[in-house]
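Q: quick check, what structure comes out for this input:
(one chain, ligands or ions: 1)
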Amino acid sequence: MMVFPGDFLGYAEEYIAGYGIYEEDGKLFAATAGRAVVEEKVIRILPVKSIPEIRKNDVVIGRVVDTRNSFAMVEIARKEGDDRALRHYDRAFLHISNMSDGYMKNVEDGVRYLDIIRARVIDSNLRLSIKERDMGVIKAICERCSSPLMRVKDKLKCPECGNVEKRKVSEYYGRGEW
Ligand SMILES: [Zn+2]
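A: Residues are numbered from 1 along each chain as shown. Sure, this is the predicted structure:
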């Protein structure tokens, strides 16, 4: 049961007050927002973790969920440096003009479906840029055989089938777990 501060939860003779509960005149109230749980007559609150808000200049990790002629849609998985999961997967917008400092002809030369990217948020409407050297694709799979691609200079190569694919590759490609 979700509760908010001040919500009446029961009587002191029914329950033992645990974390996040205060008692007044024999009544128990929530002192914090969260989920009320009862175990062996102890009632307590599991606090709601706050959801990180995404702001301009934040660095985010996300997955490309769609590509069109001039842009890609990216599902933001998390904000870098913040382990809290996002409650809703926010959709962000990556335009082809924000994929590279130079001219890029095709969106797919920058990112492709299901790539994991590291990107900077450039405005409050969740527009992204991967122009910086350490931004761009950090994990990708082979379009032919779905094996994880390896970075070879500024391209990606499949160690299984030898397929070479173009991307806007981040300097962080292949580092760590995403
Ligand atoms: Zn392959």
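
Q: can you list the domain ranges for this protein.
A: According to automatic domain parsing, the chain comprises the domains 2-47, 59-166.

Q: the shortest one: end-to-end distance?
A: Domain 2-47 has an end-to-end distance of 10 Å (CA to CA, to the nearest Å).

Q: let me see the mean pLDDT of that domain.
A: Average pLDDT, domain 2-47: 89.

Q: how about the residue located most distally from the centre of the chain, phi and psi?
A: Most distant from the centre of the chain: D25, at 44.5 Å, with distances by CA atoms, centre = their mean. Here is the backbone geometry of D25 (degrees, to the nearest 10): phi 50, psi 40.

Q: then T32?
A: According to degrees, to the nearest 10, T32 has phi -150, psi 160.

Q: ok, it - contacts?
A: Taking CB atoms under 8 Å, 6 or more residues apart in numbering as the criterion, T32 is in contact with 5, 20, 45, 47. From N, CA and C alone the C-beta is placed, and that goes for glycine too.

Q: looking at those residues, which has the most residues close by?
A: I45 (23 neighbours; other CB atoms under 10 Å).

Q: and that one, what element?
A: strand 42-47 (DSSP states H and E).

Q: right, I'll call it a day here.
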